[in-house]
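Q: What follows is a predicted protein model with its sequence.
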Amino acid sequence: MLLRFAYNVLLCLALPAVWVRLFVRARREPAYAERREERFGRVPADVGRDVVWFHTVSAGETIGAAPVIRALKSRLPDARFLVTTMTPAGSAQVIERLGDIVDHCYAPYDFPWAVRRFVRRVRPRALFLMETELWPNLIAATHVSGASVSLINARLSERSARGYRRVGPLTRWVLAQVDQIICQYQDTAGRFEALGAAPERLSVTGSVKFDLALPDDLDVGVERLREAWLGDRRAWIAGSTHPGEDETVLDAHRALTERFPGLLLILAPRHPARADRLAMLARERGLHPAMLSAGPGGRDGRTPDVLVADAMGRLIYLYGVADLAFLGGSLVPVGGHNPIEAAVHGIPLVMGPHRFNWTEVVRRFSDVQCLHHASRTRLATIVGDLLADDARRRSEGRRARSVVEENQGVTGELEARMLSALKRSERTP
C-alpha cells in the first residue's frame, strides 16, 4: 500500500528528530533520559514472554485500565501480563497501581523494525489498546504474530476522526486488523464505522473510567493535605492545566481573593515540570506560591495563595480537599481532562469550551446541572458564585457523585469480552 510505504519512509526520515525530541524533553523532565532503548524495541530481561499485553499510553489511561487489568488477572492468575506506556507519568502509575502483578516497559515507537523486535521478544497472546491508539506498524506486527488486537474503552472525537479520514486507505487497512473495538459510547462507534470498521466488530459498553480504582489511603491522604495546607481555609483546584490557561486561572484567583480573603488555589499542571514557571506567573500577579513537594515546613512563614502541585500521583488526593474543581485542557484546544476523578469527591465541576475528548461523559454531568461551562472571562464569576453558595455547592456535589455511581459497572462486561478475545487468539493454551 502506497500510504503505508510513505508512512514508513516519513518515520525513518524523522528518526533524528525523535532522538532530538527525547533529549529536549529530558532537559525539562529528566525521566525521559531513562530507558531510551525500550522506545526502540529493546525489552528488559525481566519482562516475560507469551504475555497478555495492555498499552495505556500515559497516566490517565493507566489509571482507567488498572481495575480492568486487576480483574482479568484474577481470572487468569497464571498468565503473564505486560503493561506498556509512552510517558514517565504512565510508567509511574503502572508501578504504583499494578507493579505487584504485571511486567512493565515503554512501548516501542512505531518504527517497523522496532515494533517487530518488540513483538518477537514478548510474543503477545493478545493486545489490548486502551482508548484510541491506532499505530499502523504496532497493530500490523501484532496481528501477523497471531495475537488478537482489541481497542478497549475506545473514544474517538470528531476532531480525531477528521484526521484519520485524511489518510482513509491507511486507516481502513489498520482497522481491518483490529479484532474488536469496544467503544465508550455510540458516537464513537458511529465514527469508527464511518472510517471503515466492520459493524460486527463494534460494541458499546460505557466508560470504564467510571469504575475508578481509588487508593486505599485516600481518606487519610486527603485529611493530611487538609491539615497541612488548609486548616479552616477554603480552596478551589485547577487540575491538569496546560500552557495558555494557567494565566487565566491565576487572574481569576487574584480577583477571587478580593472577594474571598484567604482563599487557596491548588494549581496542578498536567506536566509537573512546569511548576517553577507557574510559581513565577503567580508571583507576577502579586500572589504567593508554595510547592507541594516542599511541605508546610518548607514554606517561608507566609501563608500561600497558590499551592503548586509539582509531583505526579497527587491529583486524586488534591481534588478531595477542594470545594470545587476546574478541569484543565479545556480553555485551550486540548479537549479537556477527566472530570470523574474530581466528581468522585462530590464537588461541582467547571470546564472551558474545549471538551471534545469527553463529550458523552461531560453530557452526563451537564444533564444533572453539576458541571458548568466557563469562558475565560466568566471563570472567576462562576467559581465565585459557587463559593458563595454552600447549599448549592453541596447539592451539585452530591449530583456529581451520583453520576459516577450510576455509570459504574463496565469492568465486568469488558472482562468478559477480553476473555473472549484471548480464547480466539492462536496462542491461547
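A: Structure received.
Q: and A107, what does it touch?
A: 39, 55, 84-86, 118, 138 (Cβ atoms under 8 Å, 6 or more residues apart in numbering). Yep, even glycine has a C-beta here, placed from its N, CA and C like the rest.
Q: and the helix or strand hosting D187, C-alpha only, in CSV?
A: Counting by DSSP states H and E, the secondary-structure element that holds D187 is helix 186-195. As requested, C-alpha coordinates have been extracted for helix 186-195 and formatted as CSV (Å, rounded to 0.1, in the frame of the first residue of the first chain):
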residue,chain,number,x,y,z
GLN,A,186,-22.4,5.2,20.4
ASP,A,187,-21.0,8.4,18.9
THR,A,188,-17.5,6.8,18.9
ALA,A,189,-18.9,3.6,17.4
GLY,A,190,-20.5,5.6,14.6
ARG,A,191,-17.3,7.4,13.8
PHE,A,192,-15.3,4.1,13.7
GLU,A,193,-17.9,2.6,11.3
ALA,A,194,-17.7,5.6,9.1
LEU,A,195,-13.9,5.2,9.0
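Q: which strands and helices sit next to it?
A: Helix 186-195 makes packing contacts with helix 158-166, helix 168-175, strand 180-183, strand 202-204 when contacts are defined by 3 or more Cβ pairs under 8 Å, 6 or more residues apart in numbering; DSSP states H and E.
Q: Tally up the residues packed near D187, please.
A: The number of residues packed near D187 is 17, by other Cβ atoms under 10 Å.
Q: could the contacts of A107 be laid out in TSV, adding pLDDT, distance to G384 and secondary structure?
A: Below are the contacts of A107 laid out as TSV (pLDDT from 0 to 100; distance: Cβ to Cβ, whole Å; DSSP: H, G, I helix; E, B strand; the rest coil):
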residue	pLDDT	distance to G384	secondary structure
R39	95	46	helix
H55	96	42	strand
T84	97	44	strand
T85	96	39	strand
M86	94	39	coil
F118	98	52	helix
L138	97	48	helix
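Q: what's the single longest helix in the protein?
A: Longest helix of the chain, by residue count under DSSP state H: helix 2-28.
Q: hmm, back to that, buried stuff in the helix holding D187?
A: Across helix 186-195, burial judged by 16 or more other Cβ atoms under 10 Å covers 187-189, 191-193, 195.
Q: now R364: how far from I63?
A: The span separating R364 from I63 equals 19 Å under the rule Cβ to Cβ, to the nearest Å.
Q: Please disregard the earlier target; I meant T359.
A: 20 Å.
Q: about what we covered before: how big is the angle separating the helix holding D187 from helix 168-175?
A: Relative orientation of helix 186-195 and helix 168-175, computed by axes from the mean of the first three to the mean of the last three Cα atoms, to 10 degrees: 110 degrees.
Q: Please enumerate residues in contact with helix 186-195?
A: With contact meaning Cβ under 8 Å, 6+ apart, helix 186-195 is reached by 154-156, 158, 161, 164-165, 168, 171-172, 175, 181, 183, 199, 202-204, 359-360.
Q: Return a selection command, for use in PyMOL, containing the buried ones of the residues you listed.
A: Command for PyMOL that selects the buried part of those, burial taken from 16+ other Cβ under 10 Å:
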select buried, resi 154+155+156+161+164+171+175+181+183+202+359
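Q: returning to what we had before: between the helix holding D187 and helix 158-166, how many degrees?
A: Using the same axes, to 10 degrees, the interaxial angle of helix 186-195 with respect to helix 158-166 works out to 10 degrees.
Q: Over to I347. Which of the three states is it?
A: Look at I347: counting by DSSP: H, G, I helix; E, B strand; the rest coil, its state is coil.
Q: How many residues are close by it?
A: Each residue near I347 was counted by other Cβ under 10 Å, and the total is 25.
Q: looking at it, it is touching R399, isn't it?
A: No. Distance between I347 and R399: 10.7 Å, which falls outside the contact criterion (Cβ atoms under 8 Å).
Q: and the gap between A154 and L13?
A: With the distance defined as Cβ to Cβ, A154 ends up 30 Å from L13.
Q: again but with L134, I slipped
A: As judged by Cβ to Cβ, L134 and L13 stand 21 Å apart.
Q: So for those two, which sits in the more crowded spot?
A: More neighbours sit around L134 than around the other of L134 and L13, counting by other Cβ under 10 Å; the figures are 19 against 9.
Q: Thanks a lot, see you next time.
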